[in-house]
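Student: Next comes the sequence, and after it the predicted model I'd like to discuss.
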Amino acid sequence: MFLRNNRLIAYVIATALLIAAMLLGISIGTVSVPVLTILQLIGAEVLHLPGMGTIDSMYTTIVMDIRLPRVILAGLVGASLAIAGAAFQGLLRNPLADPYVLGVSSGASVGAVLVLFFNLSLPFIGIFTLPIMSIAASILTIFLVLFFARQIERSMRVETIILTGIVFSSFLGSLLSLMIALTGEELRQIIGWLLGSVSMRGWEYIAIIIPFFIIGTAILLFSSKELNAMSFGEERAQHIGVNVARRKLWILIGGSILTGAAVAVSGTIGFVGLVIPHLTRLLWGPDHRHLLPLSILLGAAFLIVADLISRTIISPTELPIGVITSLIGAPVFAIILIRRRKERRG
């Protein structure tokens, strides 16, 4: 109860966890980099602080060209998936809702794989072809899920939407399998991408995700009060002046932008949008004005640590980061499902 009532403590803890995760992610590896050296490098190279001393060029290359961009990218992907998951859970009033379960991640994956499969490059867009196609596919998927859920049941119960999302996710997964079966030289690239990874991504990938992260996050943060209102039911939200239809549309678009951009740069990474918002809600309550930003901080820290585990647990071999998040997320998904069933019976 103390944690729930003290928002300052919540932000201090979440920020401290993120900073610790970033320092660990940069420091630990085949070559260990002292934390003091990392701080000196960031001060000299990023903040341009004077008098930071001479630093070994090997450390400079490892930190600035390999580990720092990897850690930042993992943080941005984790933050994107976590806030999208928190928004979807708030919108649908169900802790089981997340981009992975609703089929949004699978839709984004199909859009991205189409770009890789056909080697597409849209005019005037260039490197943004991949995220834009991924985002477009994710938005199309969530609206198709809602459309078919409405055809199945006019009231569109949350369980119906989630089950429809799972069906779409399975169908889109079969499309991905078909494209993999038909591909040739691109096979290794597509499979490696689908398993989820932030390995060997440079600063250009950060440049790709940043604008979409800012846009999607802004949309959702500006919708936090409406999410609070809709958590008590759409009719009550309508009575207090919320334009429910328009706000739902914006929340779905914002979440899909974040999911599509994250999938475009890292592949399919499941369960981040399920585990982190649920944990944040348990610790610090359901107020979306704080739930969303805290999910950003904890989601970023979680995926940085998951990436660290993926590249060190069986070093020098590197596991796909999606494997680690699924090993953690799948049991949590099962626990949440069992708890909800018990609550309903009780």
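Tutor: Great, that's in hand.
Student: Which elements pack onto the helix or strand where Arg70 lies?
Tutor: Using DSSP states H and E, Arg70 sits within helix 68-92. Applying 3 or more C-beta pairs under 8 Å, 6 or more residues apart in numbering; DSSP states H and E, one finds that helix 68-92 contacts helix 7-27, helix 158-182, helix 203-221, helix 224-230, helix 244-266, helix 272-284, helix 288-312. C-beta here means a position set from N, CA and C on the backbone, and glycine is covered the same way.
Student: export those helices to a markdown table and tack on mean neighbour count, distance to Ile142 and mean pLDDT?
Tutor: Listed next are these as a markdown table, based on neighbours: other C-beta atoms under 10 Å; distance: least, C-beta to C-beta, whole Å; pLDDT from 0 to 100:
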| stretch | mean neighbour count | distance to Ile142 | mean pLDDT |
| --- | --- | --- | --- |
| helix 7-27 | 17 | 28 | 94 |
| helix 158-182 | 16 | 8 | 85 |
| helix 203-221 | 18 | 13 | 94 |
| helix 224-230 | 20 | 16 | 91 |
| helix 244-266 | 24 | 5 | 90 |
| helix 272-284 | 24 | 13 | 90 |
| helix 288-312 | 25 | 18 | 95 |
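Student: could you redo those as CSV and give each row distance to Ile321?
Tutor: Shown next, in CSV, are the helices and strands packed on helix 68-92 (distance: least, C-beta to C-beta, whole Å):
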stretch, distance to Ile321
helix 7-27, 12
helix 158-182, 18
helix 203-221, 14
helix 224-230, 28
helix 244-266, 7
helix 272-284, 10
helix 288-312, 5
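Student: Quick one, which of these gets closest to Gly75.
Tutor: Proximity to Gly75 (C-beta to C-beta) singles out helix 288-312 among the helices and strands packed on helix 68-92, at 3.7 Å.
Student: Show me what that closest one packs onto, helices and strands only.
Tutor: The contact analysis (3+ C-beta pairs under 8 Å, 6+ apart) places helix 288-312 against helix 7-27, helix 68-92, helix 203-221, helix 224-230, helix 272-284, helix 321-345.
Student: of all these, which lies closest to Ile152?
Tutor: helix 68-92 (15.3 Å).
Student: coming back round to it: distance to Thr164 added to the helices and strands packed on helix 288-312, as a markdown table?
Tutor: A markdown table is the format used below for these (distance: least, C-beta to C-beta, whole Å):
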| stretch | distance to Thr164 |
| --- | --- |
| helix 7-27 | 33 |
| helix 68-92 | 12 |
| helix 203-221 | 22 |
| helix 224-230 | 20 |
| helix 272-284 | 17 |
| helix 321-345 | 17 |
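Student: Please name whichever of these is nearest to Ile161.
Tutor: Across the helices and strands packed on helix 288-312, Ile161 has its closest neighbour in helix 68-92 (6.2 Å, C-beta to C-beta).
Student: report the angle between the axes of the helix or strand following that closest one and helix 244-266?
Tutor: Following helix 68-92 in sequence order, the next helix or strand is helix 104-118 (DSSP H and E). If you take axes from the mean of the first three to the mean of the last three C-alpha atoms, to 10 degrees, helix 104-118 sits at 50 degrees to helix 244-266.
Student: Between helix 158-182 and the helix or strand just after helix 104-118, find me the angle.
Tutor: Going down the chain from helix 104-118, the next helix or strand is helix 129-152, by DSSP H and E. Counting by the same axes, to 10 degrees, helix 129-152 points 140 degrees away from the direction of helix 158-182.
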